[in-house]
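S.K.: A structural model of the following input is requested.
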Amino acid sequence: MEYPNELECRRDMAAIFRWVAREKLHEGIANHFSCALSEDGQIFLMNPYGIHFSKITASDLLVMDTANPPDVSDSRVDITAWGIHGAMHRANPQARVLVHLHTHYATALLSLKDPSLPAIDQTTARFHNRLSWDLGFDGMGIGEEGERLSRLLGNRRILMMGQHGILTAAETPSLAFDLAYHLERGCRTYMTALATGRELAVMSDDVAEKTAQQWEDYDSAAESHLKAIRRILDEEEPDYLQ
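M.R.: Predicted coordinates:
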């Protein structure tokens, strides 16, 4: 069964790609996002290889099926993206939308021996006790690496991929993007604070948990965030809708 709002899903995803490029959160033509279309999450949209995020349109997104691996000779498909996203959707049907990025500050943090992200402000506190971890990097998502990663997400919305990058998993494009956006901002704040060499003011567990729950009470703000982005793109880059 097709997702009833496929066109809007495509347009939301295209908007996210465009905005990620504006925010310089992308890495060349690497990184991929996907959005489940079928009720069981096994049929999904994913961006094709080789199109810059700043130029992606709604119609560019490919329809993929976890039961039918793509032809390896198809130049539109990045085999590492298929390896990760195919495995993730197959193993985690609740994760409707996946945003995978190698953002600057998060990847720098994930390159440290201790890549933990303590709650030092209200943005970092959003992720208190809400991160899954992969500290066993074993290559670029080909073959068993994607399957291994797919087992690590659990019931959380974010996988911190050591020596690699981040992956957010949510029910909607807006929330998956909003989590990734604020995670990178939190990592930027933390890495900047670390660079001072001064002692960090880390919140107590109680305050960090209260703050994280308050963020979750306002999950609807993610939808408003994406709507605001789309209003800008509607005016400045309306071709993303095509």
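S.K.: where does residue 107 land in three-state SS?
M.R.: For residue 107, the assignment made with DSSP: H, G, I helix; E, B strand; the rest coil gives helix.
S.K.: That one: neighbouring residues, count only.
M.R.: 20 (other CB atoms under 10 Å). Where you see a C-beta, it was placed from the backbone N, CA and C, and this is true even at glycine.
S.K.: I'd say it and residue 165 touch.
M.R.: Yes: between residue 107 and residue 165 there is a contact under CB atoms under 8 Å: 5.4 Å.
S.K.: what residue ranges in this structure are flagged as low confidence?
M.R.: Applying pLDDT under 70 to the chain flags residues 1-4, 141, 143.
S.K.: again, 90 this time
M.R.: Applying pLDDT under 90 to the chain flags the ranges 1-5, 69-75, 77-81, 136-150, 154, 218-220.
S.K.: which residues sit in contact with the residue nearest the centre of it?
M.R.: For the chain, the residue sitting closest to the mean C-alpha position, by CA atoms, centre = their mean, is residue 99 at 2.3 Å. The contact partners of residue 99, by CB atoms under 8 Å, 6 or more residues apart in numbering, come to 16, 33, 167-168, 176-177, 179-180.
S.K.: And for residue 92?
M.R.: So residue 92 contacts 41, 150, 153, 169 (CB under 8 Å, 6+ apart).
S.K.: repeat that with 6 Å
M.R.: The contact partners of residue 92, taken as CB atoms under 6 Å, 6 or more residues apart in numbering, are residue 153.
S.K.: Let me see the backbone angles for it.
M.R.: Dihedral pair for residue 92: phi -130, psi 70, per degrees, to the nearest 10.
S.K.: now swap in the one 5 residues further on and tell me
M.R.: When read as degrees, to the nearest 10, the backbone of residue 97 gives phi -130, psi 130.
S.K.: Counting neighbours, what do you get for the nearest residue to it once chain neighbours are set aside?
M.R.: Spatial nearest neighbour of residue 97, chain neighbours left out: residue 176 (4.1 Å); criterion: CB to CB, 6 or more residues apart in numbering. By the criterion of other CB under 10 Å, residue 176 has 30 neighbours.
S.K.: who's in contact with residue 176?
M.R.: 97, 99, 168, 170.
S.K.: Same list (those residues) but as TSV, adding distance to residue 114.
M.R.: As requested, these are exported to TSV (distance: CB to CB, whole Å):
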residue	distance to residue 114
97	30
99	25
168	22
170	27
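S.K.: Can you verify residue 94 is assigned to a helix?
M.R.: No: counting by three-state DSSP, residue 94 falls outside a helix, being coil.
S.K.: Tell me how many other residues surround it.
M.R.: 12.
S.K.: count of residues packed around the closest residue to it other than its chain neighbours?
M.R.: Residue nearest to residue 94 in three dimensions, not counting chain neighbours: residue 41, with 7.3 Å by CB to CB, 6+ apart. For residue 41, the neighbour count with other CB under 10 Å is 22.
S.K.: From residue 92, how far off is residue 41?
M.R.: 7 Å (CB to CB, to the nearest Å).
S.K.: Equivalent analysis for residue 178, please.
M.R.: Distance of residue 178 to residue 92, computed by CB to CB: 19 Å.
S.K.: re the thing from before, top of the contacts of residue 99 by number of neighbours, please.
M.R.: residue 176 (30 neighbours).
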